[in-house]
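In: Next come a sequence and a model predicted from it.
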Amino acid sequence: MKINAIDEYGLRILLQIAKSDPDEGATIAALSDLEGLSNAYVAKITRTLKAGGLINSTRGHKGGYVLAIDPKTITIKMALRALGGALYDPSFCASHSGEKKFCNNSVDCSIRSLWRMVQATVDSVLEEVTIYDLMSSEASSHHKLQSIMDKALA
């Protein structure tokens, strides 16, 4: 249960696309250069973002990637789901049962309750933060994120 490289770089690439000129978009080469990643890795991530309905591609001389929807409506939860899912997926327990067919704790598991609560808490924050919120400076984003955190903890 941790944020992986695809999640991190996927958010960074999505943010770079959001900041790009919507008439031109961002090319794989430009995104690779901006993030210090290989063209192949950026291509893999952009395919995932496109399949998730978050970006569109345009072909031709001025081709590139543009957002498919307004950055004010793309929540971080939406982006992470498109990139690979949640921190905790309820199907986790079914696929990690140990040596037996079913988990010994499948009927009564306090740890599963913990992971569900953690996921719900994380989701409530990630549903409040949009790509647009992250398009500004770190200081501006920090203020927005702090107000969301304060609200969540209240």
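Out: All right, it came through fine. Numbering: from 1, shown residues only.
In: SS state for Pro71?
Out: Of the three states, Pro71 takes coil according to DSSP: H, G, I helix; E, B strand; the rest coil.
In: Then Ser147?
Out: Criterion first, three-state DSSP; result for Ser147: helix.
In: What about it, how many residues nearby?
Out: For Ser147, the tally of surrounding residues (other Cβ atoms under 10 Å) stands at 11. The C-beta positions use only the backbone N, C-alpha and C, and glycine is treated the same way.
In: For it, give its distance to Gly64.
Out: Distance, Ser147 to Gly64, by Cβ to Cβ, to the nearest Å: 34 Å.
In: I'd assumed Val66 was in a helix, is it?
Out: No - assessed with three-state DSSP, Val66 is strand; it does not lie in a helix.
In: For this protein, give me the ranges with low pLDDT.
Out: 1-2, 60-62, 90, 92-107 (pLDDT under 70).
In: Tell me which stretches of it form strands.
Out: 55-58, 64-67 (DSSP state E).
In: In JSON lines: the ones you listed, plus mean neighbour count.
Out: Shown next, in JSON lines, are those (neighbours: other Cβ atoms under 10 Å):
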{"stretch": "strand 55-58", "mean neighbour count": "18"}
{"stretch": "strand 64-67", "mean neighbour count": "22"}
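In: Ser57 pairs with what?
Out: Tyr65 (DSSP bridges).
In: Quick check: it vs Asp23, distance?
Out: Counting by Cβ to Cβ - Ser57 and Asp23 are separated by 14 Å.
In: Export the strands of the chain to a markdown table and append columns for distance to Ala18.
Out: Converted to a markdown table, the strands of the chain look like this (distance: least, Cβ to Cβ, whole Å):
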| stretch | distance to Ala18 |
| --- | --- |
| strand 55-58 | 9 |
| strand 64-67 | 6 |
